[in-house]
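Student: sequence and predicted structure are below.
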Amino acid sequence: MHIDVSIEDARLLPILLESSVPTGIAIPGERLEPGAWRQMAERIQTAGKSAIFSFPYIFRKEAGEDILKHREQLQEAHFDGFLIRTLDEAAFLRELGLPGERIFDASVYTWNQRAKKQMKALGADVVTLPVELNREEVRSVQGEDSCCLIYGRLPLMVSAQCSKKTVGNCRKSRHLSRDDLYGTAEYSSLADRKKTVFREAAWCRYCYSVIYNSVPLWLLDRVPQDMPRVRFMFTDETPEEASSVLRAFETGRTDPPAAFTRGHFTRGVE
């Protein structure tokens, strides 16, 4: 089984490099300075794992221009693959002509075999199955070119209306250093009318925010044995928490935590 791990904070990287679980590691390109892309990719590859460049959740003109500006550095980093969140990014990467595996994320919906065929025509080497699919629907789409998310706080909303900016606390206006502004993930908490607390991350390089589920998806004990590829998605976990999740999978002690969700895996959507 091929096991990818995507992270949103590079401080988790040492844990993943030491672990025997990940086959590939997806790092957030926008949280790293372009000059660090090559060094980060080399660290991952030296550990015997595939280095994957994660594109932004929102791909607007600013993001495209910024990546084009640093096209040479991205090319010289020699990433093994790219995690693609939108069809715009797929077209953009095709124009760049960079080698590497194209992994379409769950946000590029591949509901069925017909949709998968279309995604392959658009450049996908691997499709991440939508989290809305139930067990039977996953089986109908899975294959050597499919990946299933089995752990992580799933994005509930991706918004250009960053709450920090709305309340007058824009991180860019605080004149933080580039490392503090782009290099670290700053999470805050939001509560709804039922007092459920959600986590929000500000992605300041391209000015948007992501609100995540209040509890993590947990399918470690439900993943089909014949699923060829799975992915863990770490957001605000501490190194100790991330290491614990990976150890649970490695040892087969996959009982879920006290608070978790199965997503739609056992019930699907209408």
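Tutor: In hand now; what should we look at? As the structure is a computational prediction, the values presented were derived from the model and not from experiment.

Student: mind listing what's buried along stretch 26-37?
Tutor: 26-32, 34, 36-37 (16 or more other Cβ atoms under 10 Å). In short, each C-beta sits where N, CA and C put it, glycine included.

Student: which residues are contacting it?
Tutor: 4-10, 13, 40, 44, 51-56, 63, 67, 70, 73-74, 77, 79, 81, 83, 103, 178, 182-185, 203, 205-206, 231 (Cβ atoms under 8 Å, 6 or more residues apart in numbering).

Student: swap the cut-off to 6 Å and go again
Tutor: Here stretch 26-37 makes contact (Cβ atoms under 6 Å, 6 or more residues apart in numbering) with 6, 8, 40, 52-54, 56, 70, 73, 77, 83, 182-183, 205.

Student: tell me which of those is nearest to V127?
Tutor: The closest of the contacts of stretch 26-37 to V127 turns out to be L83 (Cβ to Cβ; 11.7 Å).

Student: residues contacting the residue nearest to the closest one when sequence neighbours are not counted?
Tutor: Excluding the flanking residues, the one nearest L83 by Cβ to Cβ, 6 or more residues apart in numbering is S54, at 4.3 Å. S54 makes contact with 26, 28-29, 83, according to Cβ under 6 Å, 6+ apart.

Student: please repeat the previous calculation with a cut-off of 10 Å.
Tutor: 6-8, 25-31, 79, 81-85, 103, 105 (Cβ atoms under 10 Å, 6 or more residues apart in numbering).

Student: please report phi then psi for it.
Tutor: Taking degrees, to the nearest 10, you get phi -90, psi 130 for the backbone angles of S54.

Student: measure it to P28 for me?
Tutor: From S54 across to P28, the span is 5 Å (Cβ to Cβ, to the nearest Å).

Student: among the contacts of stretch 26-37, which ones are buried?
Tutor: Buried subset of the contacts of stretch 26-37 (neighbour count, 16+ other Cβ under 10 Å): 6, 8, 40, 52-54, 56, 70, 77, 83, 182-183, 205.

Student: farthest pair within those residues?
Tutor: Pairwise distances across those peak at 20.9 Å for S6 and H70 (criterion: Cβ to Cβ).

Student: buried ones in stretch 38-53?
Tutor: By 16+ other Cβ under 10 Å, the buried positions in stretch 38-53 come out as 38, 40-41, 43-44, 49-53.

Student: ends of it, how far apart?
Tutor: By Cα to Cα, to the nearest Å, the extent of stretch 38-53 from end to end equals 11 Å.

Student: could you do stretch 52-68 as well?
Tutor: One end of stretch 52-68 sits 18 Å from the other (Cα to Cα).

Student: about what we covered before: which of the contacts of stretch 26-37 sits closest to H264?
Tutor: Closest approach to H264 among the contacts of stretch 26-37 (Cβ to Cβ): S6, at 20.1 Å.

Student: in terms of helices and strands, where is that closest one?
Tutor: Using DSSP states H and E, S6 sits in strand 2-7.

Student: kindly format the C-alpha coordinates of the next helix or strand along the chain from that strand as CSV.
Tutor: Downstream of strand 2-7, the first helix or strand assigned by DSSP H and E is helix 13-18. Presented in CSV, the C-alpha positions along helix 13-18 are these (Å, rounded to 0.1, in the frame of the first residue of the first chain):
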residue,chain,number,x,y,z
LEU,A,13,8.5,17.1,8.8
PRO,A,14,11.1,15.6,11.2
ILE,A,15,8.5,13.2,12.6
LEU,A,16,7.5,12.0,9.1
LEU,A,17,11.1,11.6,8.0
GLU,A,18,11.8,9.3,10.9
